[in-house]
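Undergrad: need the 3D shape of this:
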Amino acid sequence: MSLALLVAALPVLYWDQPTTTAEDLRRAGIETLRVPKERVAEWGRAGFAASPLTSEERALRVTLKPPGIAARGDLASATRRPWIDANGWRYLRQPDGRYFETSPRGVAVLAAAEAFVHAADLVLAIEASDLEVLGQALGFFRALPEAPLPGIADLVVVDDGSFATGELMNLLARRNLLFRPAARATPEPPLVVELGSRAYPKSEAGNPDALALKVRAQLSDERRSLRLFGSEVVLARLAGDAGRLRVHLLNYGGRDVEGLRVRVRGSWTPGAAHVLQHGRLAVEAVLVQDGATEFSLPVLGPYAVVDLVAAP
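TA: Here you go, the predicted model:
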């Protein structure tokens, strides 16, 4: 039930500005850059680890949509969950892919966190006003305790490469249903989802939201490795083995979330939470019962990680 081992990787800033901006980058703690080919030498002389991003490479990289909450007037309703634009399912679908993203103001930190959580090869272009917060985020990622743990999945999605299967992955990720793409069905997890099979006919792909709900019902909440309560704008990724667990939390709402409750299957002892923009915080209200461990965070910024160890 595991994904590939997660090895820490940082997104790299694409910077097409002249070296007159070098001090801005140094103040932000950013020393590694991708730059236009004609600027490599000057940035090298300025003391930066600069490599070129050619037009040919740029064309080969998959262009991503910036993450966040999408404004969808056709779906506006007080009772509907917000529509989250997230790239985690794309990173899971193509873990060896190479990506490029242009982030509007205020989105750079979340975009970098998504890539970090999934160890994705991302070149990130940002607004100059986000240099400082991006530099802080990269420093935060570098300072986290290393935990090269395999990802955890509760179900397999057989990936035929189609748009319909991709949209299903998107909806599963938005509901924090932990999945692993695979080229063919395997007997490992509790559930295998394959569009076109008797259990999941392709006719159901026309309503991927309903299909995601069907998958959740068949998996059952009792068998889910992770569940979140208290927010519909936080997505999670889970990694671990028999003795350790790491919970990644990504907040797409654009503002702090207070009192998020996390439930993981099994008996665990949580350590402190490392919360981007808030530092190291103690988790609250730890409860172990009914074969699961629950804890809450006092506050969640754009990203947090919580490490747990198996309870004695």
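Undergrad: find the nearest non-adjacent residue to residue 140, please.
TA: Of all residues beyond its chain neighbours, the one nearest residue 140 is residue 276 (5.2 Å), with distances taken as Cβ to Cβ, 6 or more residues apart in numbering. Every residue, glycine included, has its C-beta placed from N, CA and C.
Undergrad: tell me the contacts of the one you found?
TA: Contacts for residue 276 (Cβ atoms under 8 Å, 6 or more residues apart in numbering) come out as 109, 113, 137, 140, 301, 302, 303, 304.
Undergrad: do residue 107 as well
TA: 66, 67, 68, 130.
Undergrad: could you tell me whether residue 200 really is in a helix?
TA: No: counting by DSSP: H, G, I helix; E, B strand; the rest coil, residue 200 falls outside a helix, being coil.
Undergrad: how deep is it tucked in, by neighbour count?
TA: 20 (other Cβ atoms under 10 Å).
Undergrad: spit out the contact partners of it.
TA: 193, 194, 211.
Undergrad: could I get those as a markdown table with secondary structure and distance to residue 270?
TA: Listed next are those as a markdown table, based on DSSP: H, G, I helix; E, B strand; the rest coil; distance: Cβ to Cβ, whole Å:
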| residue | secondary structure | distance to residue 270 |
| --- | --- | --- |
| 193 | strand | 31 |
| 194 | coil | 36 |
| 211 | helix | 34 |
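Undergrad: for residue 177, state which of those residues is nearest.
TA: Nearest to residue 177, judged by Cβ to Cβ, of the contacts of residue 200 is residue 193 at 9.7 Å.
Undergrad: low-confidence ranges in the stretch 101-250 of the chain?
TA: By pLDDT under 70, the weakly predicted segments of the stretch 101-250 of the chain are 188-189.
Undergrad: all helices of it, in order?
TA: 108-117, 131-143, 163-174, 208-219 (DSSP state H, counting those that start in this stretch).
Undergrad: out of these, which is closest to residue 29?
TA: helix 131-143 (4.2 Å).
Undergrad: returning to what we had before: neighbour count added to the contacts of residue 276, as CSV?
TA: Formatted as CSV, the contacts of residue 276 follow (neighbours: other Cβ atoms under 10 Å):
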residue, neighbour count
109, 22
113, 25
137, 25
140, 22
301, 21
302, 27
303, 24
304, 26
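Undergrad: and residue 30, which of the helices of the stretch 101-250 of the chain is closest to it?
TA: helix 131-143 (5.1 Å).
Undergrad: could you give the angle of that closest one to helix 108-117?
TA: Interaxial angle of helix 131-143 relative to helix 108-117 (axes from the mean of the first three to the mean of the last three Cα atoms, to 10 degrees): 20 degrees.
Undergrad: residues of helix 131-143 that come out buried?
TA: 131, 133, 134, 135, 137, 138, 140, 141 (16 or more other Cβ atoms under 10 Å).
Undergrad: before we move on, what about stretch 23-36?
TA: Quick answer for stretch 23-36 (16+ other Cβ under 10 Å): 25, 28, 30, 33, 34, 35, 36.
Undergrad: great, nothing more from me.
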